[in-house]
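Student: coords please:
(2 chains)
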Amino acid sequence: MSVTGSRRLLAVVAFIAVSLAAGSVQAQTRAETLRYVTGASVNTLDPNIPGSTREAFAVSLSTYDRLVSFGRKQLNGKWVFDLGKITGELAESYEVSADGLKMTFRLRKDAKFQDGTPVTAEDVKWSLDRVVTAPVLGKAQLLTGSMTSADQFKVIDPLTIEVTLPKPDKLALPNLATVYPIIINSKVAKEHATAEDPWALAWLKENTAGSGAYKIETFKPGEQVIMSRNTAWNRGTADKSAFFKRVIVQSVPEPATRANLVERGDADLVIDLQASDVQSLEAKGKLKVTSTPQYNAVTFVSMNNQIPPFDNVNVRRAVAFALPYEDMFKAALFGRGSPLFGATWADGKPSSGAYPIPQPVKLDLDKAKEYLKAAGMPDGFSTTFSFNVGQASTAEPMAALVKESLAKIGIKVDIQKLPDAQMSTQINEKKLPFFTEGIVAWLPSTDYFYRNFYTGNQRWNYSSINNPELVEIAQKARFEPDAAKYEEDGIKLNAIHFSEIPQIPLWQPSQDAVMASSVEGYTYQFHRQVDYRDLNRK
Amino acid sequence: MIRAGRRFLSSLPALFGVLVFTFLLMRVLPGDPAVFFASGPNAGKEEIEVIRKQMGLNKPVPEQLMLYLYDVGSGNLGRSMMTGQLVTKDLRERLPASLELTLTALLIALLSAVPLGVLAALRPGSIIDHGVRFFCALGVCVPTFVSGLLLIYVFYYLLGLAPDPTGRVDIFASLPPRQTGFLLIDFLLAGDFDGWWAAFRQLILPALSMALFVVAPLARITRASMLVSLGSDFVRTARSLGLPWWQVVVTYALRNAILPVITIAGIVFSTMLGANVLVEKVFSWPGVASYALDALLSSDYAPVQGFVLLMATVFVIVNLLVDILYGIADPRVTIG
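Tutor: Coordinates of the predicted model:
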């Protein structure tokens, strides 16, 4: 072999080695990147902007910090958020005064915004003032925690802030851990504020000024968001920065395509697949599937209690005993969720004061017919059953089963499939007699559910129930400090619910997170999105 | 050219009509966008009012219309609630994506449909003719999203030949500096051939599934019009003079048969641009049609109105182009 020949060989070997090394570098960056695909999209970087999507909430959790955050616990072997454990995020420590009227937060000394300036109590005050003053989504949320005015937030010293409450409110502290009360770099935001827009809503919609675990790299509304890690962030559970160097949030509208992507390993995580796809992916066993019943959400069949014939309690009872629960559960969700029917209550008393609890209802056509007779309508009646297009994949098979089963007791049902905006308008105007919808509560407590979803002439009171006793107990329970008495109130509320049957709880659907087998740390969060900071790759 | 300009001007009243009609139609449709967008877990009456004000829906409809017309006149199509962006910005970003896809699909369709149609016309009733007919029927019968999903299943999922069907370019790749918005052109201008190849690979499957659907009308019309033209006197004369067969077919028969094909191609293009929403959805293509559909479902007025206006304008321009092409294909035709 000549000298040139061996040189050439060497060059070839060197080339191959270099390209292999380059390949492994590329593979490594892929391993440090999380690609999350979703059918929805991110439309704003500030979760407070009216119209924000849930995906926008998820992004804001990573780009901003809050004063406090929820811990996590294991529920049947799966990680879920823990309302009972509130830990500091920007706050190093906090204390609630003995009378429950004062909360004092001490900020972390080392906390810095992404531009390198320290987080001060002034920033916290400006941010909280913004939530309760500006026309933003957080206003209504913080109201549920008795925080309504900027006067309630006081700067004690550069690292201490005090929140005063008009009365002790259990939900005040948890409210500060929700999506809206983000802590914004007030110096930067003020630079972009204008006379008409003193809270810089327009600028913060497209830009971030936070201290969170991730920085925005690119933001294309409706298409994708790419975030890179903020290495200085140390508010994680193990006091270190987030695991993934890059997070890609990409909108892929077609559910079948999302399933293909995650199965081929091109996407790492997806939470909104169709139940049938989840089932087949789970059966193949290549991917990790974490199904968590959404224990802060409920799917209902609702009846408008103010419109005949559903203003008659016996009609509502008849419907409750004429629904084919098991079949609906299988057809709509492939059984992926936890059912809220078919329970037996000892002595007819609610089994607990929690909400929601399984109801003692099942398919019993004879009983249903009796109730119809008692209502004075033995021959039944005609009505419509509505659902929105966005939920068609689960609601459509369900509606067909409802129609079929109610026909057996003489109730003739016309199925109405409405575009989402039309459905929400009609619900708001209380025009729909009979429909299916779902609710979710970020801070699920019995009184919260009853106050928000069973009182007042407002949109979320789907059944339009107006029961003074229920309202009174729910309002009282809100400020009840004694746990045993609170439980008692809960049982009373649940008993009223069952005797009135304003609407019929069906189930809590599962959140099916499908991920590459290397992805770990997934936690079901109150906002039902992925908190990218929880995740890592082994 | 002046005539073309005058024709364009004469279509302005039609565009104005479309504008007003869409505006009123959106208001008449049931569904209140404010209620839809105020859908956070605590959104109450107050939030709905804020959004209503933000969208200008608290004013009477005639006043809204005047404000809207004024805005459109000054080049502002309003703001989308869905993406939070100005509609003009959204459309400017998304229209090239749709155009690139539709033009590629139309090119593929024409390149396959015209030869197929000619072949079928040359041997009517033969096995080739039946084969073409069968292929066309198949293309029309299979809805685009089915063929799209099928192509994805075979080429991406099973064979792994195609890149993942998510948008115009691999998510890990970097985009070329934006010049035209057409990625194939921008990559070329930037001299990035790897990027060009990547963008082309992303484009080919969605373009194919759209092309399959429109091959049929184009091939059938080519065949029909070729049959007429092949049976005409001048072709018989050309044949009897002993001209080479390709000259007879291409220069004499096809040139004369191409007019109806151009007409259909213009119509097909305009329809494809708006109607390829399913392909855009299946391939996560960030185009205008899927944007408009999402807006329509959530009663987001401004994007829908902007989209309809855009489509009407495109339609006008395409018709104009078709007329000009007429003139080239047949010198007897002038734009009147």
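
Student: Would you check that A:Val179 makes contact with A:Ser60?
Tutor: Yes. Applying CB atoms under 8 Å as the test, A:Val179 and A:Ser60 come out as touching, 6.5 Å apart. C-betas here are computed from N, CA, C, even on glycine.

Student: For the stretch 151-300 of chain B, what lies in contact range of chain A?
Tutor: Residues of the stretch 151-300 of chain B lying near chain A by CB under 8 Å from any CB of the partner chain: B:152-153, B:156-157, B:160, B:164-167, B:171-172, B:281-284, B:286, B:290-291, B:294, B:296-299.

Student: now those: which count as buried?
Tutor: Buried members of these, scored by 16 or more other CB atoms under 10 Å in any protein chain shown, are B:152, B:156-157, B:164-167, B:171, B:281-284, B:286, B:290-291, B:294, B:296-299.

Student: that older thread, overlap of the contact sets of A:Val179 and A:Ser60?
Tutor: Listed as contacting both A:Val179 and A:Ser60 by CB atoms under 8 Å, 6 or more residues apart in numbering or on different chains are A:Pro47.

Student: and A:Lys139, what is it in contact with?
Tutor: Applying CB under 8 Å, 6+ apart, we find A:Lys139 in contact with A:131-133, B:46.

Student: can you do 10 Å?
Tutor: By CB atoms under 10 Å, 6 or more residues apart in numbering or on different chains, the contact list for A:Lys139 reads A:48, A:130-133, A:147-148, A:180, B:42, B:44, B:46-47, B:50.

Student: Could you confirm whether the helix or strand that B:Leu110 is a member of reaches chain A?
Tutor: Using DSSP states H and E, B:Leu110 maps to helix B:87-122. Yes. Using CB under 10 Å from any CB of the partner chain, we find that helix B:87-122 touches chain A at B:89-90, B:93-94, B:97.

Student: Between helix B:87-122 and the following helix or strand past that helix, find me the angle.
Tutor: As assigned by DSSP H and E, the chain's next helix or strand after helix B:87-122 is helix B:127-141. Helix B:127-141 and helix B:87-122 meet at an angle of 160 degrees, taking axes from the mean of the first three to the mean of the last three CA atoms, to 10 degrees as the criterion.

Student: Which secondary structure elements does helix B:127-141 sit against?
Tutor: helix B:87-122, helix B:144-151, helix B:193-230 (3 or more CB pairs under 10 Å, 6 or more residues apart in numbering or on different chains; DSSP states H and E).

Student: buried ones in the helix or strand following the longest one?
Tutor: To tie it back to what came earlier, the one meant is helix B:193-230. Next helix or strand after helix B:193-230 toward the C-terminus (DSSP H and E): helix B:233-240. Buried positions in helix B:233-240, judged by neighbour count with 16+ other CB under 10 Å: B:235, B:238.

Student: same deal with stretch B:49-69?
Tutor: By neighbour count on 16+ other CB under 10 Å, the buried set for stretch B:49-69 is B:50-52, B:54-57, B:64-65, B:68.

Student: Could you measure from B:Met210 over to chain A?
Tutor: Distance of B:Met210 to chain A, given as CB to the nearest CB, to the nearest Å: 15 Å.

Student: count of residues packed around that residue?
Tutor: For B:Met210, the neighbour count with other CB atoms under 10 Å in any protein chain shown is 27.

Student: hang on, isn't it packed against B:Thr102?
Tutor: Yes. With contact defined as CB atoms under 10 Å, B:Met210 and B:Thr102 form a contacting pair (7.1 Å).

Student: give the contact list for the residue of the stretch 151-300 of chain B found nearest chain A.
Tutor: Residue of the stretch 151-300 of chain B nearest chain A, by CB to the nearest CB: B:Ser299 (3.6 Å). If a contact means CB under 10 Å, 6+ apart, then B:Ser299 has A:419-422, A:424-425, B:26-27, B:29-37, B:81 as its contacts.

Student: hang on, the earlier thing: narrow the residues of the stretch 151-300 of chain B next to chain A to those in helices?
Tutor: Per DSSP state H, helices hold the following members of those: B:281-282, B:290-291, B:294, B:296-297.

Student: need those in CSV with pLDDT, can you?
Tutor: Below are these laid out as CSV (pLDDT from 0 to 100):
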residue, pLDDT
B:Lys281, 86
B:Val282, 87
B:Ser290, 85
B:Tyr291, 88
B:Asp294, 83
B:Leu296, 83
B:Leu297, 77
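
Student: Next, give me the two most distant ones among those residues.
Tutor: Spanning the widest gap among those are B:Val282 and B:Leu296, at 18.2 Å by CB to CB.

Student: domain ranges for chain A?
Tutor: The record assigns chain A these domain ranges, following automatic domain parsing: A:1-64+A:212-287, A:82-203, A:297-510.

Student: between those, which gets nearest to A:Asn536?
Tutor: Of all the domains of chain A, domain A:1-64+A:212-287 sits nearest to A:Asn536, with 3.7 Å by CB to CB.

Student: picking that back up, out of the ones in helices among the residues of the stretch 151-300 of chain B next to chain A, who's nearest B:Arg178?
Tutor: B:Tyr291 (18.0 Å).

Student: neighbours around the residue lying closest to the closest one once chain neighbours are set aside, how many?
Tutor: In this structure, B:Tyr291 finds its nearest non-sequential neighbour in B:Arg94, 5.5 Å apart by CB to CB, 6 or more residues apart in numbering or on different chains. By other CB under 10 Å, the residues close to B:Arg94 number 25.
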